[in-house]
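Colleague: turn this into a model:
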Amino acid sequence: MTKIYLPIPPAELRGNSRAHYHAKNKAGKFMRASVGDQIKKGQFVGYSVLFRFHDKRRRDRDNFLIGLKPALDEVSDIIGQDDSEWEIYGVFKEVDKFRAGVVVTFHEVAPFNFKEVF
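Modeller: Sure, this is the predicted structure:
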């Protein structure tokens, strides 16, 4: 498993945003840059997302997941794998006053060994 740590997606990238396209583009570049060197080459079958927030306010998980699209696209570009092949294993949230942000856990393809099967 490979984990990357990201900031909370900016409001301009969330599903209900009516932001100008310049603001969306700037926020998208910020999210793509936040991936940085955290990811290495590999093949992934899916990912799970943990959102850590400062407080207990109600939030829509799907809107925050939409905000992660630029970061996931950057991971896809780095490893050279189409992100449509990935499954979403879960979107979770928790309250952590000191470590707010997003943890994306990528699940890797396990090498298959025929000798263990037969």
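Colleague: all strands of the protein, in order?
Modeller: For the chain, the strands defined by DSSP state E cover 2-6, 44-53, 87-95, 101-108.
Colleague: can I get those strands in JSON lines including distance to Gly28, mean neighbour count and mean pLDDT?
Modeller: To be clear about C-beta, it is placed using only N, CA and C from the backbone, and glycine gets the same treatment. Rendered in JSON lines, the data for those read as follows (distance: least, Cβ to Cβ, whole Å; neighbours: other Cβ atoms under 10 Å; pLDDT from 0 to 100):
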{"stretch": "strand 2-6", "distance to Gly28": "13", "mean neighbour count": "16", "mean pLDDT": "92"}
{"stretch": "strand 44-53", "distance to Gly28": "18", "mean neighbour count": "18", "mean pLDDT": "92"}
{"stretch": "strand 87-95", "distance to Gly28": "20", "mean neighbour count": "12", "mean pLDDT": "92"}
{"stretch": "strand 101-108", "distance to Gly28": "15", "mean neighbour count": "17", "mean pLDDT": "92"}
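Colleague: what's the biggest helix by length in the chain packed up against?
Modeller: Of all segments of type helix in the chain, defined using DSSP state H, the longest is helix 21-35. Taking 3 or more Cβ pairs under 8 Å, 6 or more residues apart in numbering; DSSP states H and E as the contact definition, the neighbouring helices and strands of helix 21-35 are strand 2-6, helix 69-79.
Colleague: of the ones you listed, give the one that comes closest to Phe53.
Modeller: Ranking the helices and strands packed on helix 21-35 by their distance to Phe53 (criterion: Cβ to Cβ) puts strand 2-6 first, at 13.5 Å.
Colleague: and the closest one, how far out from the chain middle?
Modeller: Strand 2-6 has its average C-alpha position 8 Å from the chain's average C-alpha position, going by Cα atoms, centre = their mean, to the nearest Å.
Colleague: pairing partners for it, with directions?
Modeller: Strands adjacent to strand 2-6 in the sheet, as given by DSSP bridges, are strand 101-108 (antiparallel).
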